[in-house]
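In: I need the structure of the sequence given here:
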Amino acid sequence: MEELDEIKSKRGSLKDKSMTKAITEIYLTRLLSVKGTLQQFVDDFFRSVLCSGAVVPPAIKYFFDFLDEQALKHDNVDEETVHIWKTNSLPLRFWVNILKNPHFIFDVHVSEMVDSSLSVVAQTFMDACTKSEHKLSRDSPSNKLLYAKEISTYKKMVDDYYKGIRQMVSVSDQDMNTHLAEVSRTHTDKLNTEVALHQLYQYASKYYDLIIAALEDDPVARANT
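Out: Take a look at the predicted model:
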């Protein structure tokens with residue numbers, strides 16, 4: 001009886017594995033089908049976001065130049081670290097957030113299925129922004145295997161985007177101030193300045209000593225006091 005039960009158990013285990021494999025193959029087939037339908041839209045998104053040939057907001061050029069200057073100021077900062085700084089400040093903080101939460105901008109309802117699809121695209125975008133190489137295997141997550149063919153192209157687009165911005169004409173402090181003043185004027189009636197000032201006050205109060213110490217050590221800040 002024990003031997004018979006063991007044989008039945010093995011047969012059941014093999015049957016479960018076969019069913020799991022079949023379900024996985026069906027799942028991947030459907031994933032590839034959906035990917036093929038959406039591929040053009042995903043490519044268009046990458047091209048529109050990672051195009052330094054288009055008009056880049058002055059704030060991005062100004063801030064990226066600031067990061068490059070900080071890297072030169074500190075001799076031990078390598079190119080990969082600068083790449084991570086820029087990635088964390090714009091693609092990951094801004095674009096990925098919008099990708100995963102389109103309702104932040106658009107008046108739309110995001111269904112569970114759409115949310116899952118957007119998460120895959122967002123993960124692909126994050127992978128494209130990293131400098132490290134991802135070693136894939138049959139056991140890798142399906143979302144990473146799905147865009148394994150395109151990821152090298154997307155990575156190059158990110159690198160070219162950062163290089164293109166670096167080669168642009170620098171934005172002076174005066175130009176930056178003019179731009180900020182124009183943005184402020186345009187959105188005067190849309191922003192609650194009292195709330196913004198209150199949040200700044202809370203931040204300044206919390207880190208008062210650190211802020212004062214940093215300003216006292218900064219030659220530019222001392223020159224303007």
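
In: following the helix or strand of the chain with the lowest mean pLDDT, which helix or strand comes up?
Out: Across the helices and strands of the chain, the lowest-confidence element by mean pLDDT, DSSP states H and E is helix 2-49, at a mean of 66. Scanning forward in sequence from helix 2-49, with DSSP states H and E defining helices and strands, the next element found is helix 58-73.

In: How many neighbouring residues does the nearest residue to V42 once chain neighbours are set aside have?
Out: For V42, ignoring the flanking residues on the chain, the nearest one in space by Cβ to Cβ, 6 or more residues apart in numbering is V121 at 5.8 Å. Yep, even glycine has a C-beta here, placed from its N, CA and C like the rest. The number of residues packed around V121, counting by other Cβ atoms under 10 Å, is 21.

In: What of the one 10 residues further on?
Out: Neighbour count of K131, defined by other Cβ under 10 Å: 13.

In: and H134, which of the three is it?
Out: At H134, secondary structure determined by DSSP: H, G, I helix; E, B strand; the rest coil is coil.

In: A204 is in what secondary structure piece?
Out: Here A204 is assigned to helix 193-206, by DSSP H and E.

In: Give me the residues contacting that helix.
Out: Residues from elsewhere that reach helix 193-206 (Cβ atoms under 8 Å, 6 or more residues apart in numbering): I211.

In: Heading C-terminal from that helix, find the next helix or strand.
Out: Moving toward the C-terminus from helix 193-206, the first helix or strand encountered (DSSP H and E) is helix 208-217.

In: and that following helix, what does it pack onto?
Out: For helix 208-217, the helices and strands in contact under the criterion 3 or more Cβ pairs under 8 Å, 6 or more residues apart in numbering; DSSP states H and E are helix 219-223.
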